[in-house]
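# take a look and give me a structure for this.
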Amino acid sequence: MNFCNIKENLLAYRAETGGHPLGLDRVFGFALIRAWVYLMFVGAAASFMTWSGEAIRPAFFLVSAGALCIALFGSALTGDRFVKLMLHPTARAAGPTLTGVGTVLLASSGAEGMIGDVCGIIGAITTGLGSGIIDLGYGELYRNEPPGRTTFEVPLAFFLAAVAYSLTAMLPPVTSCVLCALLPVVSGWILFVQQHAWSRKRQPTVRPIEFDLKSFAWRIGLCACLVGIADGMVRAAFLSSNNLSIHLLLQWPLAGAGLITMLIVYGAALLGSEQSTRTIYKAAIVVMAFFFMLLPIFTGAQDIESVLALTGYGTFNVLIWMLLAEISANYRLSSTRVFGIGWGMVTLGVLLGASIGLLTGSIMDANDADDNSSLILYGSQALGEGKTAIVALVQESDEKAFDLRLADYRCTITRWDAGEIADEAEQAEEQQKQLAKEAREKLRAQKKADREKERAEKRAAIHQKFEDFKARL
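Here you go, the predicted structure:
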């Protein structure tokens, strides 16, 4: 890598993209669907996109991720039949429609009883299938774009998605849910109406050729799957070890991580000796490894830790998307098969990683259940030297409102039911009275024993005086 390569690389990218390195409408549309993913399913139980602001149950995340895997792998296995199906406007419209309607249903999953369960299950399935169609559509777009354009557009789209997440998460729950449901609809409109993905109006630049799907799945898919597994597991471990909520982890650090990812990718692309995702990938790996080495240094600096952790795996996702687009473009492969297997394996990896994280978290929660069941016991164990606890009685319908007030501080927010705490306080008061009674009884017994001892000593002294008197007579 050399600064002397910047001018040469800029001229080469300009020649490759025809002087227009960015398609802003395509970037905006892709950013919207990535923002939807951040808001809804960036991690198990990460989303608070319900009408009441409560977290979506982890089971719905797993179902939606499973449906997404089915859509992606199914498209790769069916190949041309899937593409022919997508030539029909109704089939293309199914993607944004299913995703938007499913988002509304998931927002209603917080309802009590069977209604909430039914809405959650149907919403999880429809969002998984619908978002899969949209992801494959953008894969088709970038398959027909020069790799140099993908290099500049994809990191920018992921950064804009992170900013959109941060801004949307600040809004009231109802407003956030409505806006979140509109994101895939607008993204789908840009994808299928403006960009004409899978439309007869937009023919592929190069017809795809057949290739060994099993070999591709083993070489590329396995790597993508391992990245996904690491993403899900490490995120869960990082949250657990740092006592962070997913909301505090992502609120602003996600945007900062997206900005750093842009700098890493753009820097590697402009400073590299050759123009390829391979060169960018190798340079980015070195930089990310350096960032991970910095994590122990910034222990205690919550925002810096979060940015560094998110940068690593956020950059991996950007690089994988760029790699899949470059493979399908340079080797004249079907985007449906390449992205279906590649992105499907990433999703499968995240699903497995999140499942392992949930299992590990449930075991840890079970071990800590007794400790956390008592406010007094938890405080006595968690409060070390120099730490302060604030006990607040709060009536809330949206947990985010209270969390945001403490977002600037490195703190752990633990919630208990007010009725349980009131009962615990009464039990503590009764215990205090009982202990005081026992102390008084012990004190009286001790005083009685002390007095009896004094009396015995006095008896012995008097008896000794008599004995001495007898001896003198």
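# CA atoms only for stretch 159-178, dumped as CSV, please.
Output of stretch 159-178 as CSV, limited to C-alpha atoms (Å, rounded to 0.1, in the frame of the first residue of the first chain):
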residue,chain,number,x,y,z
PHE,A,159,-23.1,3.8,7.0
LEU,A,160,-26.3,5.6,6.1
ALA,A,161,-28.3,2.6,7.4
ALA,A,162,-26.5,3.0,10.8
VAL,A,163,-27.3,6.7,10.9
ALA,A,164,-31.0,5.9,10.0
TYR,A,165,-31.1,3.4,12.8
SER,A,166,-29.7,5.8,15.4
LEU,A,167,-32.2,8.5,14.4
THR,A,168,-35.2,6.2,14.2
ALA,A,169,-34.4,4.6,17.6
MET,A,170,-34.8,8.1,19.2
LEU,A,171,-38.4,8.4,18.1
PRO,A,172,-41.5,7.4,20.1
PRO,A,173,-42.4,3.7,19.7
VAL,A,174,-45.5,4.2,17.5
THR,A,175,-43.6,6.6,15.2
SER,A,176,-40.6,4.3,15.0
CYS,A,177,-42.8,1.3,14.1
VAL,A,178,-44.6,3.1,11.3
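# now do the buried residues in stretch 163-177.
Residues of stretch 163-177 classed as buried: 163, 164, 165, 166, 168, 169, 173, 176, 177 (neighbour count, 16 or more other C-beta atoms under 10 Å). For every residue, glycine as well, the C-beta is placed using N, CA and C.
# stretch 339-358 too?
Those would be 339-355, 357-358, for stretch 339-358 by 16+ other C-beta under 10 Å.
# kindly reformat the buried residues of stretch 163-177 as a markdown table containing distance to residue 441 and pLDDT.
Converted to a markdown table, the buried residues of stretch 163-177 look like this (distance: C-beta to C-beta, whole Å; pLDDT from 0 to 100):
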| residue | distance to residue 441 | pLDDT |
| --- | --- | --- |
| 163 | 67 | 92 |
| 164 | 67 | 92 |
| 165 | 62 | 88 |
| 166 | 61 | 85 |
| 168 | 63 | 87 |
| 169 | 58 | 80 |
| 173 | 56 | 85 |
| 176 | 60 | 89 |
| 177 | 61 | 90 |
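# farthest pair within those residues?
163 and 173 (20.0 Å; C-beta to C-beta).
# circling back: among the buried residues of stretch 163-177, which are in helices?
Among these, the ones falling in helices (DSSP state H) are 163, 164, 165, 166, 168, 169, 173, 176, 177.
# would you list those residues in TSV and tack on distance to residue 331?
Converted to TSV, these look like this (distance: C-beta to C-beta, whole Å):
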residue	distance to residue 331
163	34
164	33
165	34
166	37
168	38
169	40
173	46
176	41
177	42
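# which of those residues sits closest to residue 86?
residue 164 (26.5 Å).
# so for the particular helix or strand that has residue 452 in it, mean pLDDT?
Assessed by DSSP states H and E, residue 452 sits inside helix 418-472. For helix 418-472, the mean per-residue pLDDT is 77.
# got it, and stretch 343-352?
82.
# beyond the helix or strand of the chain with the lowest mean pLDDT, next helix or strand please.
Every helix and strand in the chain was compared by mean pLDDT, DSSP states H and E; the lowest is helix 246-250, with a mean of 59. Tracing the chain C-terminally past helix 246-250 and defining elements by DSSP H and E, one meets helix 253-271 next.
# got the CA positions of that next one in CSV?
Taking Å, rounded to 0.1, in the frame of the first residue of the first chain, the C-alpha atoms of helix 253-271 are listed here in CSV:
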residue,chain,number,x,y,z
PRO,A,253,-21.6,3.5,18.2
LEU,A,254,-23.2,1.7,15.2
ALA,A,255,-22.9,5.0,13.2
GLY,A,256,-19.4,5.5,14.3
ALA,A,257,-18.5,2.0,13.3
GLY,A,258,-20.0,2.5,9.9
LEU,A,259,-17.9,5.7,9.4
ILE,A,260,-14.7,3.8,10.3
THR,A,261,-15.7,1.0,8.0
MET,A,262,-16.0,3.5,5.1
LEU,A,263,-12.5,4.9,5.9
ILE,A,264,-11.0,1.4,6.0
VAL,A,265,-12.5,0.2,2.7
TYR,A,266,-11.9,3.5,0.9
GLY,A,267,-8.4,3.8,2.2
ALA,A,268,-7.6,0.2,1.2
ALA,A,269,-9.1,0.7,-2.2
LEU,A,270,-7.2,3.9,-2.9
LEU,A,271,-3.9,2.9,-1.4
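# and residue 333, what are its phi and psi?
phi -100, psi 160 (degrees, to the nearest 10).
# my read is that it contacts residue 327, right?
Yes - in this structure, residue 333 is within contact of residue 327 by C-beta atoms under 8 Å, at 6.3 Å.
# for this protein, what spans make up the strands?
Using DSSP state E, no strands are found in the chain.
# so where's the stretch 151-300 of the chain shaky on pLDDT?
Along the stretch 151-300 of the chain, the parts satisfying pLDDT under 70 run over 202-209, 211-213, 228, 231-251, 272-276, 287-289, 291-300.
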